[in-house]
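[1] please work out how this folds:
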Amino acid sequence: MKAGLFLLLLVICTLPAEAQCAMCRAVLESEQSGTAAKGINNGIMYLMVFPYLLVGTVGYLVYRNRQKIVR
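    Presented below is the predicted three-dimensional model:
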C-alpha cells in the first residue's frame, strides 16, 4: 500500500524538465521562433516515459507476486 502511494505521488509531483544534447541545443538555439526546440524537448520527454513505465510495471508485478507468496 505504501509503495503504491509513493509511486502515485512520484508521478503526480513531477516537475517539467528540458533536456537536449549539445549539438541539438546549438542548432535549435539559432532558430528564432523556438518551435522546433519545443518539439525536440517534447519528443525527448515522450521517449523517456516508456523505460520508467516498463520498470514500474515489472516492479509492480514482482511486488504483487511476492505478496501472493507471503499470504
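[2] pretty sure Cys24 sits against Gly39.
    No - using Cβ atoms under 8 Å, Cys24 makes no contact with Gly39, being 11.0 Å away. All C-beta spots, glycine's among them, are computed from the backbone N, C-alpha and C.
[3] quick one, which of these two is more surrounded?
    Neighbours per residue (other Cβ atoms under 10 Å) separate Cys24 from Gly39, with Cys24 holding more: 15 against 11.
[4] which residue ranges of this structure form strands?
    Shown for the chain, no strands are assigned by DSSP state E.
[5] in it, where is pLDDT below threshold?
    1, 14-21, 71 (pLDDT under 70).
[6] what residue is smack in the middle of it?
    Compute the mean C-alpha point of the chain, and by Cα atoms, centre = their mean the closest residue is Val49, 3.5 Å away.
[7] got a list of what that residue touches?
    Residues near Val49 by Cβ atoms under 8 Å, 6 or more residues apart in numbering: none.
[8] alright, I will stop here.
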